[in-house]
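> Prediction below, plus the sequence it came from.
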Amino acid sequence: MNVPTSATQAKDRLYSQLASSFGRMNRALNRTADLCEQLQVDLNAIRIFSGLDAAKFMAVAASLNPDDDDGFEQEGQQQKETRQDTGRNQDRS
């Protein structure tokens, strides 16, 4: 009959420790995967809510400053006309 030696007992103890370490690592990896999935859901929600907040902000800004939009368009048109006139004057020189 084989009587376990101290080397065999040490080997069995180390294999047992290795198995329990693998079990802990497996649980940690599963937890990490769950947290990554939750993070993805949270980031998607943040993206949606930030888009909604930006739209609300722009709507409020537009309602509070209705003349600003027209002013920007008129100013841009004036700048464009000025550049065209400057270009024509340079061509004549």
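Thanks, I have the structure now.
> which residues touch F57?
If you count contacts by C-beta atoms under 8 Å, 6 or more residues apart in numbering, F57 has none. Backbone N, C-alpha and C define where each C-beta goes, glycine included.
> Determine how far the host helix or strand of it lies from the middle of the whole chain.
Per DSSP states H and E, F57 falls inside helix 6-64. Centroid displacement of helix 6-64 relative to its chain, using C-alpha atoms, centre = their mean, to the nearest Å, is 14 Å.
> Residue ranges in this protein under the pLDDT threshold?
1-4, 68-80, 84-93 (pLDDT under 70).
> Spatially central residue for it, please.
For the chain, the residue nearest the mean C-alpha position is L43 (5.9 Å; C-alpha atoms, centre = their mean).
> how close does that residue get to S50?
10 Å (C-beta to C-beta, to the nearest Å).
> now swap in A59 and tell me
A59 is 15 Å from S50, by C-beta to C-beta.
> same thing with D42?
12 Å.
> Also M58?
On the measure of C-beta to C-beta, M58 and S50 end up 13 Å apart.
> next one: L35
Distance of L35 to S50, given as C-beta to C-beta: 22 Å.
> Equivalent analysis for D34, please.
25 Å.
> And for Q40, the neighbour number?
Q40 is flanked by 10 other residues according to other C-beta atoms under 10 Å.
> wait, I meant V41
Neighbour tally, V41, other C-beta under 10 Å: 10.
> ok, now the one 4 residues further on?
Close neighbours of A45, defined as other C-beta under 10 Å, add up to 10.
> Kindly report the same for P66.
Count around P66 with other C-beta under 10 Å applied: 9.
> now it: how far from A59?
Taking C-beta to C-beta, one finds P66 at 12 Å from A59.
> Check V41 too.
27 Å.
> I48 too?
17 Å.
> now swap in A10 and tell me
Applying C-beta to C-beta, the value for A10 to A59 is 73 Å.
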